[in-house]
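**Q** give me a 3D structure for the following:
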Amino acid sequence: QVQLQESGPGLVKPSQTLSLTCSVSGDSITTTNYYWNWIRQPPGKGLEWIGRIVYSGTTYISPSLKSRTSISRDISRNQFTLQLSSVTPEDTAVYYCVREDRGRLWGYDFWGQGTQVTVSS
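**A** A predicted model of the protein is given here:
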C-alpha cells in the first residue's frame, strides 16, 4: 500500500521560508509511471496545485508560485521536499503531497493526510 506523509513546521513567520517534506512508502519516487505533487487548500477555498517532481528529477511549478517555489528530492530517503520562500498569510493552507498516475486524467490516486501550515507573526 502506498503511503505519503507530510512533515514540517505548522507555524511560519511572514517573509520566512516554508519547508515541508513528503516521505513515501510502498513506491519509489523514481518510478516512471507516477508524478509527485504538492497541492494546497487555503481556508474556505479550493485546491491549488503548487508543483510536481517527476521520475527524472525535473520539476514543474505553478506560474503563480514559480518565483518563490522549489521542489527537490532525496532518492536515498524516498522523500521529496517543498520550499516556499517569502511567505505571507495568504500562504496559510493545508498542504498535501500527492502521487499522480501519469496515465490517467485526474490521476491523483494517493494523498498524504495533509499538514496545516499557518503563516503568522
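**Q** using the three-state scheme, assign the residue nearest the centre of the chain.
**A** By CA atoms, centre = their mean, the chain has its centre lying nearest to Trp38, at 2.4 Å. For Trp38, the secondary structure call by DSSP: H, G, I helix; E, B strand; the rest coil comes out as strand.
**Q** for it, give me its contacts.
**A** Leu20, Cys22, Trp49, Ile50, Gly51, Arg52, Ile71, Leu82, Tyr95, Tyr96, Cys97, Val98 (CB atoms under 8 Å, 6 or more residues apart in numbering). C-beta here means a position set from N, CA and C on the backbone, and glycine is covered the same way.
**Q** switch the cut-off to 6 Å
**A** Trp38 makes contact with Ile50, Gly51, Leu82, Cys97, according to CB atoms under 6 Å, 6 or more residues apart in numbering.
**Q** in whatever helix or strand the third one lives in, which residues are buried?
**A** Taking DSSP states H and E as the criterion, the element that holds Leu82 is strand 79-84. Taking 16 or more other CB atoms under 10 Å as the neighbour-count basis, strand 79-84 is seen to contain the buried residues Gln79, Phe80, Thr81, Leu82, Leu84.
**Q** related to what we said a few turns ago, beta partners for the residue nearest to the centre of the chain?
**A** Going by DSSP bridges, Trp38 is paired in beta bridges with Gly51, Cys97.
**Q** how near is it to Ser121?
**A** For Trp38, the distance to Ser121 equals 24 Å [CB to CB, to the nearest Å].
**Q** likewise Ser76?
**A** Using CB to CB, Ser76 is found at 36 Å from Ser121.
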